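*Asks:* fold the following, please.
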Amino acid sequence: MNKQPFITEEHLKRRKIFRILGPIVLGFGILCIVIALVDFLTLDMFEEPKYFGLFFLGIPLTAVGFTLSSLGYGSEIAKYQTREMAPVVKDTFNYLAEETKDGVETIARAMQKGTSSVVEAKQCHYCKELNKIDAKFCNKCGRSL
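*Replies:* Next up, the predicted model:
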């Protein structure tokens, strides 16, 4: 059986494109926003901004660039986040295991006790009802055990 790899060559090519194109588009978006912001903040009292429209170009370009960069570098970001969170998750799991140990043991003993009484039961030959091991008569039909 010929298994296709999880990450194909086509996937790697797209990732490479996203890693190149994403930061470029993001850079242009940020550049447009910076130019528009500088133009807006350096105006004289009643002067109209010349490059204010770059805000409307820069904001979508920044969003698209950020998205493309996330697609290109998503696996690296996820690996980093996993390395950061793994010790916390481990500590949390160990804390929960230690703090709930008594409760789990109590539940296990109760379950074991409940199942042992079923094992030590007599079954009525007539109605198939389970009765206590020391019972002389069936709880359901009243016949002698």
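*Asks:* what does stretch 29-48 contact?
*Replies:* 49-55, 57-65 (C-beta atoms under 8 Å, 6 or more residues apart in numbering). For glycine as for every other residue, the C-beta is placed from the backbone atoms N, C-alpha and C.
*Asks:* which of the residues you listed sits closest to Ile24?
*Replies:* Using C-beta to C-beta, Gly65 comes nearest to Ile24 of the contacts of stretch 29-48, at 7.3 Å.
*Asks:* grab the nearest non-local neighbour of the closest one.
*Replies:* Leu26 (2.8 Å; C-beta to C-beta, 6 or more residues apart in numbering).
*Asks:* distance of the one you found from Thr8?
*Replies:* Per C-beta to C-beta, to the nearest Å, Leu26 is found 26 Å from Thr8.
*Asks:* quick revisit: now the helix or strand hosting the residue nearest to Gly65: buried residues?
*Replies:* Under the criterion DSSP states H and E, the helix or strand holding Leu26 is helix 9-41. Neighbour-count burial for helix 9-41 flags 15, 18, 21-23, 25-26, 28-29, 32-33, 35-37, 39 (criterion: 16 or more other C-beta atoms under 10 Å).
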